[in-house]
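Novice: Here's a sequence, model it:
(one chain, ligands or ions: 1)
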Amino acid sequence: MPEDQSIAIDVRDAVKRYGDFTALKTISLSILDNEFFTLLGPSGCGKTTLLRMIAGFEDVTEGEIYLYGDEIKNLPPHQRPVNTVFQNYALFPHMTVLDNVAFGLEMRGRSRAEARSRAGEMLELVQLSQFSSRKPSQLSGGQQQRVALARALAPQPKVLLLDEPLSALDQKLRKAMQLELKHLQRETGITFVFVTHDQEEALTMSDRIAVMSEGELQQLGAPRDIYERPHNMFVADFIGETNLLEVSVDNIANGRATCHLGGGHELTCNQVDGIAVGAQVHMSVRPERLFISDDPAEGESLKGRVQENVFGGTDITTIINLADGPNFTVRTSNSNRGNKRIFERGNEVFVNMELGAARLLVD
Ligand SMILES: Nc1ncnc2c1ncn2[C@@H]1O[C@H](COP(=O)(O)OP(=O)(O)OP(=O)(O)O)[C@@H](O)[C@H]1O
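Specialist: Okay, here's the model as predicted:
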């Protein structure tokens with residue numbers, strides 16, 4: 001965490017219970033000022049609950065939440081310097097786009113002229129000025145979502161909470177909006193706390209990601225960190241695609257662990273704390289960190305046979321079966337094809353990886 005960035009939201013040992021059910025189990029995390037921070041996890045892991053606690057729509061059962069240094073337990077939602085964009089953004093159908101954005105400002109006591117002028121600026125920011133006199137039904141889904149964003153940004157919140165705001169959009173629009181949102185966050189400097197269950201979306205947009213599962217924080221870090229150095233099985237499996245294979249640890253030296261896979265295939269993995277010789281654990285290696293060749297390459301090489309090739313447009317996925325051992329999934333980029341040989345089903349090949357590409361995981 002950079003030291004020169006102040007903390008916008010500090011969640012300290014926060015617990016949330018609904019009757020007997022514990023939705024959040026002692027979560028602690030700090031969100032920095034000006035950060036694009038994402039809460040990522042599968043449905044039901046508690047991310048919306050945490051967002052709603054920050055917004056003030058839910059009580060904190062135990063622990064505290066601080067907003068810019070102030071404990072906010074007794075602060076009602078409308079007095080918190082935050083605003084929320086929900087999945088169902090519910091614009092007022094009978095109002096123009098401009099009035100939709102200005103309405104909240106008037107409710108907050110701004111004069112009509114002032115509210116409309118500010119609303120105009122916000123529509124410019126989300127590039128919708130030319131549609132300001134239209135009704136929401138005359139806009140596309142993505143444009144409506146941008147109006148909702150302009151409306152949420154208009155009162156200049158210090159923090160914008162976004163609860164799966166793109167999930168109603170189709171894939172192409174969603175991708176375009178991801179880039180727009182990121183751009184908007186940079187331009188405004190407002191702290192964004194974004195909730196999603198879509199790992200690709202989280203990797204694309206976030207400065208840092210908190211990966212959650214069953215009410216617990218699994219890992220917090222920059223996208224690259226989480227992708228390249230998952231701490232445990234859950235994170236390795238949830239973020240991106242990976243080869244997750246059972247191994248036995250035979251030897252540990254100099255930060256590396258010599259392991260064997262089913263069928264006796266030997267492999268060197270990165271050591272991690274808490275794993276000892278003799279342990280049966282899982283290792284993870286990303287499909288794009290592997291490559292296939294006729295002969296063993298430098299680093300790690302395992303002999304196998306091509307079982308399947310799947311063409312996926314930008315890349316080719318190949319399943320390699322090790323003799324008496326597990327399968328590996330290998331991803332080969334479809335770029336610069338001239339230099340690459342495509343191995344056919346049944347070919348005897350080697351699966352290769354650089355030393356350090358395979359990581360042991362704490363289960
Ligand atoms: N008012 C409530 N009463 C009881 N249980 C609740 C209540 N609100 C949420 N829960 C439970 O708390 C857990 C976390 O819910 P939450 O909405 O935070 O999950 P989520 O990670 O945002 O999931 P999704 O992606 O599906 O929205 C779920 O098991 C949910 O059923």
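Novice: What about the residue nearest to L355 when sequence neighbours are not counted, how many residues nearby?
Specialist: Distances taken as C-beta to C-beta, 6 or more residues apart in numbering put G299 closest to L355, at 5.1 Å, once the chain neighbours are dropped. Where you see a C-beta, it was placed from the backbone N, CA and C, and this is true even at glycine. G299: 13 surrounding residues under other C-beta atoms under 10 Å.
Novice: ok, how many other residues are close to A55?
Specialist: 18.
Novice: any idea how far T49 is from it?
Specialist: The spacing between A55 and T49, counted by C-beta to C-beta, to the nearest Å, is 11 Å.
Novice: the helices in the stretch 51-200 of the chain, which residues?
Specialist: 97-107, 112-125, 141-153, 171-188, 199-205 (DSSP state H, counting those that start in this stretch).
Novice: which ones are touching the residue of the stretch 51-200 of the chain found nearest the ligand?
Specialist: Closest residue of the stretch 51-200 of the chain to the ligand, C-beta to the nearest ligand atom: H197 (4.9 Å). H197 makes contact with L40, G41, P42, S43, K47, E164, according to C-beta atoms under 8 Å, 6 or more residues apart in numbering.
Novice: SS state for F37?
Specialist: Assigned state for F37: strand (three-state reduction, DSSP: H, G, I helix; E, B strand; the rest coil).
Novice: Apart from its neighbours in sequence, what residue is nearest it?
Specialist: I31 is the one closest to F37 (C-beta to C-beta, 6+ apart), at 4.6 Å.
Novice: Which strands and helices lie in contact with the helix or strand hosting that neighbour?
Specialist: I31 is part of strand 21-32 when elements are defined by DSSP states H and E. With contacts defined as 3 or more C-beta pairs under 8 Å, 6 or more residues apart in numbering; DSSP states H and E, strand 21-32 has these neighbours: strand 7-18, helix 47-55, strand 62-67, strand 191-196, strand 208-213, strand 216-221.
Novice: Let's have these in TSV, adding distance to S132 and mean pLDDT.
Specialist: TSV is the format used below for the helices and strands packed on strand 21-32 (distance: least, C-beta to C-beta, whole Å; pLDDT from 0 to 100):
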stretch	distance to S132	mean pLDDT
strand 7-18	31	97
helix 47-55	28	96
strand 62-67	32	96
strand 191-196	24	97
strand 208-213	35	98
strand 216-221	40	97
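Novice: The ones you listed: which one's closest to G312?
Specialist: Of all the helices and strands packed on strand 21-32, it is strand 191-196 that lies closest to G312, at 23.2 Å by C-beta to C-beta.
Novice: what lines up beside the closest one in the sheet?
Specialist: According to DSSP bridges, strand 191-196 has the following sheet partners: strand 36-40 (parallel), strand 159-163 (parallel).
Novice: which ones are touching the nearest residue to L322 once chain neighbours are set aside?
Specialist: Leaving aside its chain neighbours, L322 sits nearest to G304 (4.3 Å; criterion: C-beta to C-beta, 6+ apart). Going by C-beta under 8 Å, 6+ apart, G304 touches I320, N321, L322, A323, G325, F328, E348, V349, F350, V351.
Novice: Tabulate those (TSV), appending pLDDT and secondary structure.
Specialist: Shown next, in TSV, are these (pLDDT from 0 to 100; DSSP: H, G, I helix; E, B strand; the rest coil):
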residue	pLDDT	secondary structure
I320	96	strand
N321	94	strand
L322	91	strand
A323	84	coil
G325	86	coil
F328	95	strand
E348	94	strand
V349	94	strand
F350	94	strand
V351	94	strand
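Novice: Among these, the buried ones, what's the PyMOL command?
Specialist: Of the contacts of G304, the buried ones go into a single PyMOL selection, burial set by 16 or more other C-beta atoms under 10 Å:
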select buried, resi 320+321+322+325+328+349+350+351
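Novice: Out of the contacts of G304, the closest to E187 would be?
Specialist: Checking those against E187 by C-beta to C-beta gives F328 as the nearest, at 43.5 Å.
Novice: For that closest one, name its beta-bridge partners.
Specialist: Assigned bridge partners for F328, using DSSP bridges, are I320.
Novice: gap between it and G346?
Specialist: 16 Å.
Novice: For the residue of the stretch 251-363 of the chain found nearest the ligand, which residues are in contact?
Specialist: For the stretch 251-363 of the chain and the ligand, the shortest gap (C-beta to the nearest ligand atom) falls at D363, measuring 22.4 Å. If a contact means C-beta under 8 Å, 6+ apart, then D363 has N232, M233, V281, H282 as its contacts.
Novice: Quick one: neighbours of the third one, just the number.
Specialist: Counted with other C-beta under 10 Å, residues neighbouring V281 total 21.
Novice: and what of the second one?
Specialist: Using other C-beta under 10 Å, M233 is surrounded by 17 other residues.
Novice: pLDDT score assigned to it?
Specialist: Listed pLDDT for M233 reads 91.
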